[in-house]
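Asker: My questions concern the predicted model and sequence given below.
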Amino acid sequence: MKKQNSKYFLLFTACIMVAVYSMPSMAQESDTAQPAAASAAGQPAEQPDAEKPAEQPAEAEGEVEVDTEGTMEVSADAEGEDGESFFSPMGGMGYFMIGVRFIDMDDVSGALNDWNYSDPYDSHLSIGGGGQFNFGPLIIGGEGHGLMGIGSKSAHNELDYKADISGGYGLFRLGYNVFSYEGFNIYPLIGFGGGTASMHIAEAGDITFDQALGNPKREIEMHRDSFLIDISLGLDYRIDAPYMHGSEDEKSENGYFVVGIRGGYMFAPVQSDWYTAEGTIIGGPDLGIDGPAVMLILGSGGWHSYKN
């Protein structure tokens, strides 16, 4: 991966570190029966509470549902006899993503064809990942991706040149879980961020050190930045990890593995001029990291829920 894309992998690493966190255990509370004190008038002492018929616990005004597939649904007004209430669970996950992003290369192909380069492919391998927090159904997270394209070769001035097109981008994401049942989750997402498309052109073949000194301009690397807006729909399935803390009526935390798929479209409404490390390039074809994409998700996470 080229140096200009390293910032997106740093973003990806930061998202993973934020999503992975330790979940504190909640100890179960035990009640100890206390015998009633005898009256001062010599009346017989009351039998301990353990020997009395057990009182039925007061029913909660709301309803608490625990989904053992990695999510927990809690009604907002669930309240016990003593005013204790359950809050929606909080959690997070980190995930790896791999897929294909399709980019419109028509303008770039036209410019390359003028210099006898072959057409580059529209499809690019996208590899990256991210992390997210879940506050009930609300999703907040971030992602970083690198794009690896298939270059083209050209014979020009009796020398072979190769043009490679690549890129990278990072997104801040917001989403909402609109459907959750038996471990399945469906959620729309919107993302905002930035990306860079790069074109690297180099002369192929081996040269001597003196030839490199005599002709150092044997390659050039050009970049173009874009402001990005992404709209996606995600579907995943969460499988419980083999551990859980808390009693049946006071589930506190759980881990899960996740596998899923995302599809969406990315827009690049604002783009910069082409540039190199030395300055701006005047003119140039239209190229942004915009277009449809399909991604596979593999990851793990956990949730924990509190009873106040």
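Answerer: Now that the structure is in, tell me what you want to look at.
Asker: Beyond the helix or strand that contains residue 189, next helix or strand please.
Answerer: Residue 189 belongs to strand 184-203 when assigned by DSSP states H and E. Following strand 184-203 in sequence order, the next helix or strand is helix 209-214 (DSSP H and E).
Asker: Residues in contact with that following helix: which ones?
Answerer: Helix 209-214 is touched from outside by residue 218, with contacts defined as C-beta atoms under 8 Å, 6 or more residues apart in numbering. (Glycine included, C-beta is placed from N, CA and C.)
Asker: State the mean pLDDT of it.
Answerer: The pLDDT scores in helix 209-214 average 82.
Asker: can you pull the buried residues of that helix?
Answerer: The neighbour-count check on helix 209-214 (16 or more other C-beta atoms under 10 Å) flags nothing as buried.
Asker: quick one: secondary structure of residue 112?
Answerer: helix (DSSP: H, G, I helix; E, B strand; the rest coil).
Asker: confidence score at it?
Answerer: Reported pLDDT for residue 112: 87.
Asker: Now do the contacts for it.
Answerer: For residue 112, the contacting residues are 118-120, 152, 154, 163, by C-beta under 8 Å, 6+ apart.
Asker: Name the helix or strand for the closest residue to residue 288 other than its chain neighbours, please.
Answerer: Using C-beta to C-beta, 6 or more residues apart in numbering and skipping residues adjacent in sequence, the residue nearest residue 288 is residue 268, 3.4 Å away. Using DSSP H and E, residue 268 sits within strand 250-271.
Asker: Tell me which other helices or strands whichever helix or strand comes after that strand touches.
Answerer: The helix or strand immediately downstream of strand 250-271 is strand 291-304, counting by DSSP H and E. Secondary-structure packing of strand 291-304 (3 or more C-beta pairs under 8 Å, 6 or more residues apart in numbering; DSSP states H and E): strand 90-102, strand 123-135, strand 219-247, strand 250-271.
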